[in-house]
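Chemist: Fold the following, please.
(one chain, ligands or ions: 1)
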Amino acid sequence: MPNDLEPLTELAVYSFQNALQLCVEEHACCDYHRIWSLARLANPIGPNLAGWQFLHRQLAILTDTQPSPRVLISGAADTGLLSLVLAGLKDSHANAQIILVDRCATPVRQNEQLCEKLNADAQFYVADILNFDGEPVDVILAHSFLNFFDPAERGDLFANWARLLNPNGKILLSNRIEQQPGVKLDPPSCADLESRLNVLKKVANTLELNDVDQKSLIDAAKRCRSKELTSKPAFTDLELGEIVRSTGLQLQSLSLHEQSARKGKGPLATAYSDQGKRAEIVQQRVRVD
Ligand SMILES: C[S@@+](CC[C@H](N)C(=O)[O-])C[C@H]1O[C@@H](n2cnc3c(N)ncnc32)[C@H](O)[C@@H]1O
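Modeler: Coordinates of the predicted model:
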């Protein structure tokens, strides 16, 4: 990951200021896209995405065998996933082609600017991944993306991902997984929420946001938090099994991790139930000769 937070700070401010114009009302993503990058800066354990080591390992495996892999990033709330991919590919000699798809222009424009700043190359699409079409790719990465879809839509999502993959291509996922459908997520206590919002306020102070912006940042964070707690049904073990059966994708590996310690989580960190875990999943489209 980039050690220098300067470009991330500038891009976080860009999204905070421009999401109001760029986000589409129908997607109801404006609060989220305004504040997600600022929340990432406020994360006490740094801006790395949870599970970045898993994704780096998988990218290393990919570039060991493929001289010019096509890598599709599916959904990017901010620059976190693209930064991770660029850092993961930096030391390989592969000439990877990166494609980033998000249905909202805010993160897409933000990521375009990241590439300009880092002198990196990628193709960007403002498009719905459920019907996105393009040249086949060798790997698809998604992070905390499944929570944005109902179970029925997730079936369509995996079917389209499978269609976009080259034979032997892989899907790499880091996502919350629950053992039961319909579990209740653990809301933070008032004190916990307050302390998380205080961390966000500190970032706002450091960036010298005016009082109106500070208030709208905190209000948006509270709305995001309560929206998440009533969000789409969680992805479950059972659903993963069904998806593997219905798409013909092969489950290559599944590892489960306890959610990080509360103190290490940023102001908008994903809520989990008591039993919820973060799953690292590798699925492969098997070659049929
Ligand atoms: C990748 S995820 C969440 C990222 C994550 N929480 C993190 O830690 O970076 C959220 C993104 O998915 C995008 N999204 C939601 N539904 C989509 C769809 N049908 N097609 C493409 N992008 C979509 C949203 O616009 C948002 O930017």
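Chemist: quick one: the helices in the protein?
Modeler: Taking DSSP state H, the helices of the chain run over residues 6-22, 30-41, 52-65, 80-90, 105-118, 151-164, 190-206, 211-229, 237-247.
Chemist: what's the angle from the lowest-mean-pLDDT helix or strand in the chain to helix 211-229?
Modeler: For the chain, using mean pLDDT, DSSP states H and E, the weakest element among its helices and strands is helix 190-206, scoring a mean of 85. For helix 190-206 against helix 211-229, the angle by axes from the mean of the first three to the mean of the last three Cα atoms, to 10 degrees is 140 degrees.
Chemist: Close to the ligand: what parts of this structure are there?
Modeler: Proximity of the chain to the ligand (Cβ under 6 Å from any ligand atom) is limited to residues 29, 49, 75-77, 80-81, 101-104, 107, 128-130, 143-145, 148. C-beta: built from backbone N, CA, C; applies to glycine.
Chemist: that older thread, tell me what the least confident helix or strand of the chain is packed against?
Modeler: Contacts defined by 3 or more Cβ pairs under 8 Å, 6 or more residues apart in numbering; DSSP states H and E place helix 190-206 against helix 30-41, helix 211-229.
Chemist: looking at those helices, which has the lowest confidence?
Modeler: Ranked by mean pLDDT, the helices and strands packed on helix 190-206 end with helix 211-229 at the bottom, a mean of 87.
Chemist: coming back round to it: tabulate the helices of the chain (CSV), appending mean neighbour count and distance to residue 137.
Modeler: Shown next, in CSV, are the helices of the chain (neighbours: other Cβ atoms under 10 Å; distance: least, Cβ to Cβ, whole Å):
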stretch, mean neighbour count, distance to residue 137
helix 6-22, 18, 25
helix 30-41, 25, 25
helix 52-65, 17, 11
helix 80-90, 22, 13
helix 105-118, 20, 17
helix 151-164, 18, 6
helix 190-206, 15, 35
helix 211-229, 15, 29
helix 237-247, 16, 16
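Chemist: tell me, what residue is most central in this protein?
Modeler: Centroid-nearest residue in the chain, with Cα atoms, centre = their mean: residue 143, separated by 3.6 Å.
Chemist: residue ranges with poor pLDDT in this protein?
Modeler: 1-5, 44-46, 229-230, 260-268, 270, 287-289 (pLDDT under 70).
Chemist: OK, now which residue of it is nearest to the ligand?
Modeler: residue 75 (3.1 Å; Cβ to the nearest ligand atom).
Chemist: Tell me if I'm right that the residue nearest to the centre of the chain and residue 78 touch.
Modeler: No. Counting by Cβ atoms under 8 Å, residue 143 stays clear of residue 78, with 10.8 Å between them.
Chemist: before we move on, the earlier item: how far away is the residue nearest to the centre of the chain from residue 48?
Modeler: Separation of residue 143 from residue 48 (Cβ to Cβ, to the nearest Å) stands at 11 Å.
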